[in-house]
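Participant: Fold the following for me, if possible:
(4 chains)
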There are 2 protein chains.
Amino acid sequence: MSSKAKPDWNGCPTRYAAGIVGDKWCFLLLRDVLLHGKRTYREFHASPEGISTNILANRLTKLEALGMLTREPDPRKASSVCYYPTQKSKDFLPALLSIMVWATRYDEVTEAPASFAASFANDPTGTIAWYDAEMDRVDQALRSS
Amino acid sequence: MSSKAKPDWNGCPTRYAAGIVGDKWCFLLLRDVLLHGKRTYREFHASPEGISTNILANRLTKLEALGMLTREPDPRKASSVCYYPTQKSKDFLPALLSIMVWATRYDEVTEAPASFAASFANDPTGTIAWYDAEMDRVDQALRSS
DNA sequence: ATCTCCACTTGCATTTTGCAAGTGCTTTGG
DNA sequence: CCAAAGCACTTGCAAAATGCAAGTGGAGAT
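Facilitator: Predicted coordinates:
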């Protein structure tokens, strides 16, 4: 990038992102989906932040409407539901990992080992690919059960 | 990263980040500070999203308390105030750019040129360094005026 | 001395959230 | 085949956060 022009258009994609991940609960749900492999209402509800059921339902609907999740019947139990990440949310993984690297550095009580940041800095592509593969494994196991 | 253990600690740094950037207004203020070089209350208030004055004051206080901004008198006019990014918020830049790459891809009305994502993908370190340098230039010009 | 600018603060109506309880459908156990 | 339990929400209501408009106090300019 040359040092010519100061771009003026940065605001817009950021505003778009703010509408999705600039919401605490959506952001945490994306973590659950993209890193923890959670797929059901029950699993999301069990996260330690204690989201209440009305907010959870609201955010799942929102994320589905935004094309971040797909809602499908649970192959293991027809009365149950699974929410799978779409390509759009999977593509958010690199950004999520970047955020985590930053948070790991500055959160004084982080539970993340220092090796995480080092690993991502050392081989971001590989780290991203590893999580992607893990999530694909989760979804394939689920869908074929 | 070996394919051994599925890490269980991811939640925590994400929760920390959610407490800061999981707020629409904080997130947009960070954009203004890190990409647009805005430094004053007036400039933040002028952003197109139209933050109201009480919320702006509240978030500036919050970001200062979180160590993301420092509040200092404006060298150009003693009765005015400048908010500068700290190292902590400057270190958030790579994550912010990653988010923007994602948003640029999926926001159908994005104003960002496709070249931005390509440029960041091609040379992330250089792109980050460019923004860092721009912001340092803004701050040095301000402080020495 | 007054006027203006600046960075907020205040009051109040509206919206969003959190919490607890309830609902309707499905599955499970006896 | 019926009762009980599980699941994915929905509803009602009090509390908190937000948005908007107006006001405040101090520094600088006229």
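Participant: Do the least confident helix or strand in chain A by mean pLDDT and chain B come into contact?
Facilitator: Lowest by mean pLDDT, DSSP states H and E among the helices and strands of chain A is helix A:114-122, with a mean of 87. Yes - using CB under 8 Å from any CB of the partner chain, helix A:114-122 reaches chain B at A:116, A:119. Any C-beta I mention is one placed from the backbone N, CA and C, and that applies to glycine too.
Participant: Just the strands from chain A, written as ranges.
Facilitator: When secondary structure is read from DSSP state E, chain A shows strands at A:69-74, A:77-85.
Participant: List just the one of these that sits closest to DNA strand C.
Facilitator: strand A:77-85 (3.2 Å; CB to the nearest atom of the strand).
Participant: low-confidence ranges in chain A?
Facilitator: A:1-11 (pLDDT under 70).
Participant: Quick one: name the residues of it near DNA strand C.
Facilitator: A:23, A:25, A:50-55, A:58, A:77-79 (CB under 7 Å from any atom of the strand).
Participant: just checking: which of those residues also lie near chain B?
Facilitator: Near chain B, by the rule CB under 8 Å from any CB, you find residue A:23 out of these.
Participant: and the two most separated of the residues of chain A next to DNA strand C?
Facilitator: A:23 and A:78 (31.3 Å; CB to CB).
Participant: Pick out whichever of the two has more residues nearby.
Facilitator: residue A:23 (19 against 8; other CB atoms under 10 Å in any protein chain shown).
Participant: Could you measure from the residue positioned nearest the centre of chain A over to chain B?
Facilitator: Nearest to the mean C-alpha position of chain A, counting by CA atoms, centre = their mean, stands residue A:30 at 2.8 Å. Distance, residue A:30 to chain B, by CB to the nearest CB, to the nearest Å: 9 Å.
Participant: for that residue, what are its contacts?
Facilitator: A:21, A:63, A:68, A:89, A:92, A:96 (CB atoms under 8 Å, 6 or more residues apart in numbering or on different chains).
Participant: For those, could you give me CSV that also reports distance to residue B:113 and neighbour count?
Facilitator: Shown next, in CSV, are the contacts of residue A:30 (distance: CB to CB, whole Å; neighbours: other CB atoms under 10 Å in any protein chain shown):
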residue, distance to residue B:113, neighbour count
A:21, 22, 26
A:63, 28, 25
A:68, 24, 25
A:89, 24, 24
A:92, 21, 27
A:96, 24, 25
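Participant: Which of the residues you listed fall within helices?
Facilitator: The members of the contacts of residue A:30 that map onto helices under DSSP state H are A:21, A:63, A:89, A:96.
Participant: Determine which two of these are furthest apart.
Facilitator: A:63 and A:96 (14.1 Å).
Participant: Mind checking if the longest helix anywhere in chain A is in reach of DNA strand D?
Facilitator: The longest helix of chain A (DSSP H) is helix A:124-143. No - against DNA strand D, helix A:124-143 shows no contacts by CB under 7 Å from any atom of the strand, the least distance being 12.1 Å.
Participant: list the buried ones in that helix?
Facilitator: For helix A:124-143, the neighbour count (16 or more other CB atoms under 10 Å in any protein chain shown) marks A:124, A:127-128, A:131-132, A:134-135, A:138, A:142 as buried.
Participant: wait, which of the residues you listed is closest to DNA strand D?
Facilitator: Of these, the one sitting nearest to DNA strand D (CB to the nearest atom of the strand) turns out to be residue A:142, at 12.1 Å.
Participant: tell me the contacts of the closest one?
Facilitator: Listed by CB under 8 Å, 6+ apart, the contact set of residue A:142 reads A:39, A:74-76, A:82.
Participant: same thing but at 7 Å, please
Facilitator: A:39, A:75, A:82 (CB atoms under 7 Å, 6 or more residues apart in numbering or on different chains).
Participant: who wins for most neighbours among the residues you listed?
Facilitator: Counting neighbours by other CB under 10 Å, the top entry in these is residue A:39, with 23 neighbours.
Participant: And residue A:50, how far from chain B?
Facilitator: Counting by CB to the nearest CB - residue A:50 and chain B are separated by 11 Å.
Participant: Dump the C-alpha coordinates for stretch A:68-75 into PDB.
Facilitator: Extracted as PDB, the C-alpha positions of stretch A:68-75 are listed here (Å, rounded to 0.1, in the frame of the first residue of the first chain):
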ATOM      1  CA  MET A  68     -24.800 -16.400   9.800                       C
ATOM      2  CA  LEU A  69     -26.600 -19.600  11.000                       C
ATOM      3  CA  THR A  70     -28.900 -22.100   9.400                       C
ATOM      4  CA  ARG A  71     -31.600 -23.700  11.500                       C
ATOM      5  CA  GLU A  72     -32.200 -27.400  10.900                       C
ATOM      6  CA  PRO A  73     -33.800 -30.300  12.700                       C
ATOM      7  CA  ASP A  74     -31.400 -32.300  14.900                       C
ATOM      8  CA  PRO A  75     -30.700 -35.600  13.200                       C
END
